[in-house]
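**Q** build me a structure from this.
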Amino acid sequence: MASTTVCYYLTIADPRLFQIGAYAIWYIVDGHVAGVIVFLWLWMFVAFYFVLKYPKLVIVALLSLVTAVLIIGYELQVKEIGVQASESNGQPAYPTYLLAPYRLACVTGGLLVAFFWTIFPFPVSESTELRKDLGATLYLLSNFYSIVHETVRARVMGTDGNAKIKGSHAQHLEKARESVFSKSLLLLNNMKTNAGFSRFQLRVGGQFPKAEYEGLIASCERILQYTALMAHASSTFSLHNRADGVDTESQYRRDFRELMAKTSNTSHRITSLLALLSSSMSYGQPLPPYIETPKPFEFVKSLNTIDPDVLSIRHIAEPEYSAFAVVQVCSQAIHADLERLRGHVKNLVGELDFSFHATKSMREGSDTASDMTDEKGKAD
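**A** You can find the predicted model right below:
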């Protein structure tokens, strides 16, 4: 609704500017055909520049072209064939200083009618679309994180295969990652656009929580970037990405194989949490009570348990050393943004709370017990 309002405002305001432009094209050269054609060409050149330079203003640029061509073209026709021939179809011939404002009035009236029936009976607002897009984005993040986790696991275990071979496990994972990543980027750009237009939205029923939505969009974007970075860094673990092409089984690789079996539970809880947040945002349902963000898996502590010397500076030359550092930092950052996500979603859709009903039931039980005691005393 806000984007429609902005579009109508621009469409109504632009003819005023184009009216002045038509006056300049026609009256600067006093209606001489050669000069009018030159200035009309210059006006069209500037309009096409805005089409190429600012694609978002393509409607404004096209309106400037249509307005100039209609007004100046009609006046050139009248000048060429005469007033009598131009009025033969029943349409009166007006001079430029009258034709331009008449056209402006017609456009304004038509746009006001169209704007009314666009808003009523049921407006599609940016806030509604933003909530649905956020739900879809969280679902894609859940899917993307699950794919990346499986990719990292397959690379560490050495079961990924060669991504260049058609039909291999690595190629299927790569296609799935690229597909989900591209869809997520499109949704993020669409949400940023809707969030920007929300400031022009007609407020009915309360203030739009713009800060919460902007925080959600920023957290989703960071989680997507961190997860993609984990997928890129984990390519070091794959045997098929080594420069020498030799399977050099290092201590790091054996330690990581043992560690991955312990991280699956935490990673699956992250996927489950993202899917739950997606469902709450998509349907506007409150979160379940006492939901908690999964705690980050203690990679360093587990590695020290397996091999106390695993993080020694002596291993800094091994590719897995740097990859492990990137994965560790990204994992911590993802968990921090998950906590922010949960807080923003909770502020928007709320959280189920059964404490009131439980307290009420306890009080009712106490009252019933008291009544039974009183009745027993009377009977005695």
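**Q** residue 68 and residue 20 touch, don't they?
**A** No. Using CB atoms under 8 Å, residue 68 is not in contact with residue 20; the gap is 11.1 Å. Any C-beta I mention is one placed from the backbone N, CA and C, and that applies to glycine too.
**Q** so if I had to pick from the two, which one is more boxed in?
**A** Neighbour tally, residue 68 and residue 20, criterion other CB atoms under 10 Å: the higher count belongs to residue 68, 21 against 11.
**Q** against residue 101, how distant is the residue nearest to that one when sequence neighbours are not counted?
**A** What sits nearest to residue 68 in space, not counting adjacent residues and going by CB to CB, 6 or more residues apart in numbering, is residue 43, at 5.3 Å. In this view, residue 43 and residue 101 are 19 Å apart by CB to CB, to the nearest Å.
**Q** between these two, who's got more neighbours?
**A** More crowded of residue 43 and residue 101, by other CB under 10 Å: residue 43, with 21 against 13.
**Q** centre of the chain versus the helix or strand containing that one, how much separation?
**A** Using DSSP states H and E, residue 43 maps to helix 33-53. Counting by CA atoms, centre = their mean, to the nearest Å, helix 33-53 is centred 37 Å from the centre of its parent chain.
**Q** same check, this time on stretch 52-69
**A** Here the centre of stretch 52-69 is set off from its chain's centre by 27 Å, with CA atoms, centre = their mean.
**Q** let's test this: mean pLDDT of it, rounded?
**A** Computed over stretch 52-69, the mean pLDDT rounds to 77.
**Q** how about the helices in this protein?
**A** 2-27, 33-53, 58-81, 83-86, 96-119, 126-157, 169-197, 210-233, 251-283, 299-306, 319-349, 355-379 (DSSP state H).
**Q** show me what counts as buried in the fourth one.
**A** Using 16 or more other CB atoms under 10 Å as the burial criterion, the residues of helix 83-86 that qualify are residue 86.
**Q** which residues touch it?
**A** 77-78, 93 (CB atoms under 8 Å, 6 or more residues apart in numbering).
**Q** residue ranges with poor pLDDT in the stretch 251-380 of the chain?
**A** 251-266, 296-312, 314-315, 317-318, 356-380 (pLDDT under 70).
**Q** measure stretch 162-178 end to end?
**A** 17 Å (CA to CA, to the nearest Å).
**Q** could you do stretch 189-207 as well?
**A** So stretch 189-207: terminal residues 23 Å apart, CA to CA.
**Q** helices and strands around the helix holding residue 43, which ones?
**A** Packing partners of helix 33-53 (3 or more CB pairs under 8 Å, 6 or more residues apart in numbering; DSSP states H and E): helix 2-27, helix 58-81.
**Q** out of these, which gets nearest to residue 324?
**A** Proximity to residue 324 (CB to CB) singles out helix 2-27 among the helices and strands packed on helix 33-53, at 45.6 Å.
**Q** quick revisit: nearest to residue 293, of the helices of the chain?
**A** Of all the helices of the chain, helix 319-349 comes closest under CB to CB, at 4.9 Å.
**Q** buried residues, that closest one. List them.
**A** Here helix 319-349 shows 319-321, 323-324, 326-328, 330-331, 333-338, 340-342, 344-346, 348-349 as buried, counting by 16+ other CB under 10 Å.
**Q** before we move on, what about stretch 22-33?
**A** Neighbour-count burial for stretch 22-33 [16+ other CB under 10 Å]: 22, 25-26.
**Q** got a list of contacts for stretch 140-148?
**A** 173, 176-177, 180-181, 183-184, 187, 220, 223-224, 227-228, 230-231, 234, 267-268, 270-272, 274-275, 278, 334.
**Q** quick check on those: which are buried?
**A** 173, 176-177, 180-181, 184, 187, 220, 223-224, 227-228, 230-231, 234, 267, 270-271, 274-275, 278, 334.
**Q** mind showing which ranges of the stretch 101-250 of the chain have poor pLDDT?
**A** The model of the stretch 101-250 of the chain has pLDDT under 70 over residues 118-126, 200-206, 239-250.
**Q** and if we set it to 80?
**A** Within the stretch 101-250 of the chain, the segments meeting pLDDT under 80 span 103-104, 107-108, 110-112, 114-128, 155-164, 167, 196-208, 236-250.
**Q** now the residue minimising distance to the centre of the chain: closest residue in space that isn't a chain neighbour?
**A** The central residue of the chain, meaning the one whose C-alpha is nearest the mean C-alpha position (CA atoms, centre = their mean), is residue 188 at 2.1 Å. Nearest residue to residue 188, sequence neighbours excluded (CB to CB, 6+ apart): residue 221, at 5.6 Å.
**Q** surely the one you found and residue 191 touch.
**A** No. Counting by CB under 8 Å, residue 191 is not a contact partner of residue 221; they are 9.2 Å apart.
**Q** which one of the two is surrounded by more residues?
**A** More crowded of residue 221 and residue 191, by other CB under 10 Å: residue 191, with 25 against 18.
**Q** gap between that one and residue 178?
**A** Taking CB to CB, one finds residue 191 at 21 Å from residue 178.
**Q** tally up the residues packed near the nearest residue to residue 95 once chain neighbours are set aside, please.
**A** With sequence-adjacent residues excluded and distances taken as CB to CB, 6+ apart, residue 95 is closest to residue 75, at 7.7 Å. Neighbours of residue 75 under the rule other CB under 10 Å: 22.
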